[in-house]
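Peer 1: Fold the stuff below for me.
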Amino acid sequence: MGNREQTILIVSDDAALCAAARREFEASIAGVRVASVSSVAAARRILQEESPVAILLEEAAIVPEAGRLEGILPRLDAVVASLAVYAPVVVLGTAARRPELSALIDAGAADYVMRDGGCLPSALGLIRSRLRQAQRVADSTRETFEEAAEDFGQVLRHELNNPLTGILGNAELLLAEVHRKNDGTFPHGGEHRLETIAALAVRLRETVRRLSQEWEARQHPVH
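Peer 2: Reported below is the predicted structural model:
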């Protein structure tokens, strides 16, 4: 990624947490910019224009959505899955909610950190790991296919498996919820899962298109 500035997006309505995270991250990671918003809805608007390298989501920032029954919170896994389409998500929350994200954590789309006094250093460590992974992928894509066939295979696995895993994970969760209810109705949060599946499918198609174009360019360079 060279010297290009990277963005970490924080989603929290806790101003003190946002300020502390900004100080912690900007002091510890060179070339990083920290942006913060107070709601998931605001985060989605930003993500239409900008691609962060990681998203730090405080569980308490998830609030009832407009148009839904008052007091009904969106499912945590549905919200995280919709954000993970754009970047890996590190969630700050309570231990009781972690099992809800087990499928996304296993898929590598999210991490979970207990919201306590030491949560920011833990989150920083996870984000550092994500940045190193992204750097390795970026370095690999700059190498020629002939010189780095093995590395390119790793890039393919990373870039194609991530959205594929997200599609399969969300489809399995949706099917499990349908089977659990077994009443012929669409489960709450199902719309978010379908939106996430559709977005991941688009991302997968665009990844294949980009890699195909890069392959063609390398096979037939313009002199």
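Peer 1: any low-confidence regions in this structure?
Peer 2: 1-5, 65-71, 137-158, 213, 215-223 (pLDDT under 70).
Peer 1: That one: strands as residue ranges?
Peer 2: Ranges of strands in the chain, per DSSP state E, are 6-11, 32-37, 54-58, 89-93, 110-114.
Peer 1: Would you mind reformatting those strands (as a markdown table) and adding columns for mean neighbour count and distance to F186 while you're at it?
Peer 2: C-beta: built from backbone N, CA, C; applies to glycine. Shown next, in a markdown table, are these (neighbours: other Cβ atoms under 10 Å; distance: least, Cβ to Cβ, whole Å):
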| stretch | mean neighbour count | distance to F186 |
| --- | --- | --- |
| strand 6-11 | 24 | 27 |
| strand 32-37 | 18 | 29 |
| strand 54-58 | 24 | 25 |
| strand 89-93 | 24 | 25 |
| strand 110-114 | 21 | 24 |
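Peer 1: which residue sits closest to A84 in space, ignoring its chain neighbours?
Peer 2: A109 (4.0 Å; Cβ to Cβ, 6 or more residues apart in numbering).
Peer 1: That neighbour touches S82, doesn't it?
Peer 2: No - the pair A109 / S82 is not scored as a contact, 10.8 Å apart, by Cβ atoms under 8 Å.
Peer 1: the more surrounded of those two?
Peer 2: Neighbour count, other Cβ atoms under 10 Å: between A109 and S82, A109 has more, with 24 against 21.
Peer 1: which residues sit in contact with that one?
Peer 2: Contacts for A109 (Cβ atoms under 8 Å, 6 or more residues apart in numbering) come out as V80, A81, A84, P88, V89, N162, T165, G166, G169.
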